[in-house]
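# Prediction below, plus the sequence it came from.
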Amino acid sequence: MLYSYNALGQPPTSIFAFGPLTHFGQRLTQLIQPGTTDSDNTSPILYVNSIAPLSPDEINDIKALLNAGSIVLLDSTVDYSGTIKELSTRIGGIGFNSTIVMIRKRPDGTPEFKELVWFSDTETNQKPTAEYLDFEAEQLAKECYRMLQPWLQRPRHRSGPKPGGKVPAWKPEVSIPIEIRQLGFPCMVGSRYEGNNVTGYSAWSDELIDACDNSASASFFYNVDLIRSSRSNKASHNAKYIRITMDPGSNAGAGWHLFFYQKYAPFSRKGMEHKLIQDITVDWDSSIFSAEIPISLEASIDTIDGACLTAPSLDNNDDAAISPCQFESNQIWGLDTEHRLRSFLAYNYCLNSNDNNTVSLHPCNHSAAQKWKWDDNTLSNPINGYLSISTEGRLMTRWNKAESTLWKSHIRKADITDALSIESLPSS
């Protein structure tokens, strides 16, 4: 069911759309109806049509909602420009050129991806008929719905780590599980097989038959490990590596036994070979890989709407400020392992203490000007002192702790109602 952002109540599974629904999107919406899925569903779906122009603010909203537990579904069924790969990179940190891309964050904070690809015969230039496009949308929606089920259901229990086993000498910074499933490809075989073990001759003969009726499918499971080098010298510091490991449990099948369509086929014949080539892009610096808990920083002063630390727009060189709390991306921060306050408005920017006692947003670096430490309920910088608010309401730093401002941090999960629904469907 597709809901607008101001819908009354929270349905078991909600779909919030960015862009018009395609035939696939409409069919998937019909499959995910309140009452047709597990009543414990807690993961809203953000449907994104890859041809829809998205503003930077909308991208930030989608990323914030992804961090809050929503599932992002990218649809390129009517987009042949490859935009989905760039969109997948911007939102999820890894770009896939697939028909459908599904992204979520697991409970441990690491991302997980599922891809759904519809086979296209590049050797034929025939324009698909409307009937075929409807069939494709129907099959994609059903398969996508099946792939989403494990993500939509609330886990009933937690399983801890199992004792025993060899501990690896290294640990990836991020290990991302990915499933790719391809649908709709043929199994072309001859109706007769000829061959013998004496000469080694082996060939299909007679007419070619699609034994799968264009309904073969293949699922591949693999991990993308992001590994950062150890700091042994300047040349290797911060070097980054990617390791891709295929799960041997990957499988393919068609649902038909080929020998039903053939006059003769020996067991030694393995059948046709199908290759699925994947071109992926990894944006290591994407905020999707961050482990920081999103928080708001609120000054302990008496105001009606609260007073939150607010990052300035990147379009100008304004200083950071204090503003009424709205808990949008410019008021969400994360304290990283180097004691920097990263802005969720732009993950590569950190709160910087300046020599003139102002505070601004600068590209993250390793300087002491970006180090912040909690001291009771105050935030201090080793160079310029305590984060404070002047009598004029200006954000500043000062060394007198007695005159400094007290701060509170609150964990913030983005609200699903922040998503704007551009198109909605009636409930019938």
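Yep, it's here. Numbers count the residues shown, from 1 in each chain.
# you'd agree residue 405 is up against residue 309?
No: counting by CB atoms under 8 Å, residue 405 stays clear of residue 309, with 10.1 Å between them. Where you see a C-beta, it was placed from the backbone N, CA and C, and this is true even at glycine.
# Mind listing the shared neighbours of the two?
With contacts taken as CB atoms under 8 Å, 6 or more residues apart in numbering, the residues that reach both residue 405 and residue 309 are 299, 387.
# Compare the two (neighbour count), which wins?
Set side by side, residue 405 and residue 309 show more neighbours around residue 309, with 28 against 20, by other CB atoms under 10 Å.
# Identify the residues contacting that one.
The contact partners of residue 309, by CB under 8 Å, 6+ apart, come to 296-299, 320, 322, 331, 333, 351, 387, 395, 407.
# State whether it is indeed within a strand.
Yes: remark: residue 309 belongs to a strand, assigned using DSSP: H, G, I helix; E, B strand; the rest coil.
# 27 is where my numbering starts, stick with that
In the new numbering, first residue 27, that becomes residue 335.
# Would you quantify the distance from it to residue 129?
For residue 335, the distance to residue 129 equals 29 Å [CB to CB, to the nearest Å].
# for residue 172, same thing?
As judged by CB to CB, residue 172 and residue 129 stand 17 Å apart.
# what about the two, which has more around it?
Using other CB under 10 Å as the criterion, residue 172 and residue 129 rank with residue 129 on top: 26 against 12.
# got a list of what that one touches?
When the contact criterion is CB under 8 Å, 6+ apart, the partners of residue 129 are 92, 97-100, 114, 117-118, 137-139, 314.
# Those in strands, which ones?
Helix and strand membership here follows DSSP state E; of those, those in strands are 97-100, 137-139.
# who wins for most neighbours among those?
For the ones in strands among the contacts of residue 129, neighbours tallied by other CB under 10 Å; top is residue 100, 27 neighbours.
# Name the nearest residue to that residue, sequence neighbours excluded.
If you skip the residues right next to it in sequence, residue 100 has residue 127 as its closest partner in space, 4.3 Å away by CB to CB, 6 or more residues apart in numbering.
# now residue 385
Counting by CB to CB, 6+ apart, residue 385 lies nearest to residue 346, which is 4.6 Å off, once chain neighbours are set aside.
# The one you found touches residue 323, doesn't it?
No: under the contact definition of CB under 8 Å, residue 346 does not touch residue 323, with a separation of 10.3 Å.
# Lowest mean pLDDT among the helices and strands of the chain, which one is it?
When the helices and strands of the chain are compared on mean pLDDT, DSSP states H and E, strand 277-279 comes out lowest with a mean of 50.
# so where do the strands sit in the stretch 27-176 of the chain?
Under the criterion DSSP state E, counting those that start in this stretch, the stretch 27-176 of the chain carries strands at the ranges 41-44, 71-75, 97-101, 120-122, 126-131, 137-144.
# What are the boundaries of the helices in this protein?
Counting by DSSP state H, one finds helices in the chain at the ranges 49-57, 82-93, 109-118, 156-178.
# Indicate which one of these is closest to residue 402.
The minimum distance between residue 402 and the helices of the chain falls on helix 82-93, with 28.8 Å, by CB to CB.
# What angle do strand 71-75 and the closest one make with each other?
With axes from the mean of the first three to the mean of the last three CA atoms, to 10 degrees as the basis, helix 82-93 and strand 71-75 are set at 140 degrees to each other.
# Buried residues in helix 82-93, which are they?
84-93 (16 or more other CB atoms under 10 Å).
# hmm, back to that, and the strands of the stretch 27-176 of the chain as TSV, adding distance to residue 220?
Formatted as TSV, the entries for those read as follows, by distance: least, CB to CB, whole Å:
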stretch	distance to residue 220
strand 41-44	53
strand 71-75	50
strand 97-101	46
strand 120-122	41
strand 126-131	41
strand 137-144	34
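# Indicate which one of these is closest to residue 402.
Closest approach to residue 402 among those (CB to CB): strand 126-131, 32.5 Å.
# in its sheet, what does that closest one sit against?
Strands that pair with strand 126-131, judged by DSSP bridges, come out as strand 97-101 (antiparallel), strand 137-144 (antiparallel).
# hey, least reliable of the ones you listed by pLDDT?
If the strands paired with strand 126-131 are sorted by mean pLDDT, strand 137-144 sits at the bottom with a mean of 90.
# between it and helix 49-57, how many degrees?
With the same axes, to 10 degrees as the basis, strand 137-144 and helix 49-57 are set at 120 degrees to each other.
# end to end, how far does stretch 416-426 reach?
12 Å (CA to CA, to the nearest Å).
# What residues of that stretch count as buried?
Neighbour-count burial for stretch 416-426, with 16+ other CB under 10 Å as criterion, is recorded at 421-424.
# would CSV of those residues with distance to residue 242 be doable?
Written out in CSV, the entries for those read as follows (distance: CB to CB, whole Å):
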residue, distance to residue 242
421, 61
422, 66
423, 64
424, 69
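# Which two among the residues you listed are spaced furthest apart?
The farthest-apart pair in these, when distances are taken by CB to CB, is 421 and 424, at 11.1 Å.
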